[in-house]
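S.K.: What follows is a predicted protein model with its sequence.
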Amino acid sequence: MKKLYVLLVVAFTLLLAACGSDQIKEKTTEASATPTKTVVAGTMVVADILDQLEVDSKTVVGIPTSSLGKPERYKDVKEIGNAMSPDMEIVKSLKPDVFVSVTTLEYDLKPAVKNVNIEGEFIDLQGVEELQKSILQLGKEFGKEEQAEKLATKFDKKLNELKEKTKDQDKPKVLAVLGVPGSYLVATENSYIGSLIEAAGGENAIKGPSEEYLASNTEYLQQSKPDIILRMAHGMPEEVMEMFDKEFKTNTVWKHFDAVKNGRVYDLEEPLFQTTANLQVDDALDELYRIFYAEK
């Protein structure tokens, strides 16, 4: 009888332990299922990165309106308007935990985001390396470290490939000009296009200044003696390219550039080439390599 009593006590103790273990497991599962913070993607590049990181549409509650379309994953996600001037009332109504945009828009958007009592985060996309760091940052923030590591290191293969292909080549000196309606700026090595030029085996004609873009005159630019001129448009591309064509025909200084004499002036089009980095780095680098070497 005593032995039976002991066995019953042991069995009951084991049963309690099992139940306790199940409760702990249940609580742990509940804790791990806690939803991540919600986010509004302020630009399509941010939305594309989040898409590639497999951040779901319950987490991404807002994305900008874009003529280029949106990721299938976010086809039903609310649009917030233009990336440069989003409708902050819509953003506020979505009640996100964070609004993520880019550093080039921080000056204009930070006060507006603060005004609606939402945390603002601005990632740096001014170069290939900066893009990789920002991808890793977002991956950590949204619990997608594995996907972020895979995406960020994907670009290393192309970078290493071009470094090997161009190591013994005579690097062309490249001048990149960014057209805006009515005028144009000159890209330095610190701009995104500047980082692509270096990565594709070129040498930036304008070096030294810490700024990404500079206002300049043609006489000064001629002294840099570029072998190649790249023309880009930021906003209203058709109008800007018409402006470039007129400028290069009517301003006689351009006729003295070797790049113009040798027919080595190229127009770079969006969305492949933008003022900030995007996920089309590999294709952009292939295009620049072709311009620098295949068309030589």
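M.R.: Thanks, I have it.

S.K.: Quick check, Lys225 in contact with His256.
M.R.: No. Using Cβ atoms under 8 Å, Lys225 is not in contact with His256; the gap is 10.3 Å. (C-beta placed from N, C-alpha, C; glycine too.)

S.K.: which stretches of the stretch 51-200 of the chain form helices?
M.R.: 88-93, 106-115, 128-141, 145-166, 192-199 (DSSP state H, counting those that start in this stretch).

S.K.: Just say which of these is most tucked in.
M.R.: helix 192-199 (a mean of 23; mean count of other Cβ atoms under 10 Å).

S.K.: So the closest residue to Met236 other than its chain neighbours versus Met243, what's the distance?
M.R.: Distances taken as Cβ to Cβ, 6 or more residues apart in numbering place Pro181 nearest to Met236, at 5.3 Å, with adjacent residues excluded. Counting by Cβ to Cβ, to the nearest Å, the gap from Pro181 to Met243 is 7 Å.

S.K.: ok, Ser101 - contacts?
M.R.: Going by Cβ atoms under 8 Å, 6 or more residues apart in numbering, Ser101 touches 42-43, 46, 83, 109, 120-123.

S.K.: picking that back up, who touches the residue nearest to Met236 in this structure?
M.R.: Per Cβ under 8 Å, 6+ apart, neighbours of Pro181: 235-236, 239-240, 243.

S.K.: Look up phi and psi at it.
M.R.: When read as degrees, to the nearest 10, the backbone of Pro181 gives phi -50, psi 120.

S.K.: Distance of it relative to Ala233?
M.R.: To Ala233, Pro181 is 9 Å away according to Cβ to Cβ.

S.K.: shared neighbours of those two, anything?
M.R.: Val240.

S.K.: Which strand in the protein has the most residues?
M.R.: Scanning the chain for the longest strand, with DSSP state E as the assignment, gives strand 173-180.

S.K.: average model confidence for that strand?
M.R.: Strand 173-180 carries an average pLDDT of 91.

S.K.: which of the residues in it are buried?
M.R.: Neighbour-count burial for strand 173-180, counted by 16 or more other Cβ atoms under 10 Å, picks out 173-180.

S.K.: all strands in the protein, in order from the N-terminus.
M.R.: 39-41, 60-63, 78-79, 98-102, 119-123, 173-180, 183-187, 203-204, 213-214, 228-233, 265-268.

S.K.: ranking these by burial, who's on top?
M.R.: Highest mean neighbour count among the strands of the chain (mean count of other Cβ under 10 Å): strand 39-41, with a mean of 28.

S.K.: Just checking: what are the partner strands of that strand?
M.R.: strand 60-63 (parallel), strand 98-102 (parallel) (DSSP bridges).

S.K.: can you put the ones you listed in JSON lines and add mean pLDDT and distance to Thr250?
M.R.: Below are the strands paired with strand 39-41 laid out as JSON lines (pLDDT from 0 to 100; distance: least, Cβ to Cβ, whole Å):
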{"stretch": "strand 60-63", "mean pLDDT": "96", "distance to Thr250": "42"}
{"stretch": "strand 98-102", "mean pLDDT": "96", "distance to Thr250": "35"}
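
S.K.: how about those strands, which one is nearest Asp283?
M.R.: Asp283 sits nearest to strand 98-102 of all the strands paired with strand 39-41, at 20.2 Å, using Cβ to Cβ.

S.K.: starting at the chain centroid, how far to the closest one?
M.R.: 12 Å (Cα atoms, centre = their mean, to the nearest Å).

S.K.: The helices of the stretch 51-200 of the chain: which one's closest to Glu219?
M.R.: helix 192-199 (21.7 Å).

S.K.: Quick check: Val100 vs Ser57, distance?
M.R.: 15 Å.

S.K.: again but with Ile228, I slipped
M.R.: For Ile228, the distance to Ser57 - Cβ to Cβ - is 43 Å.
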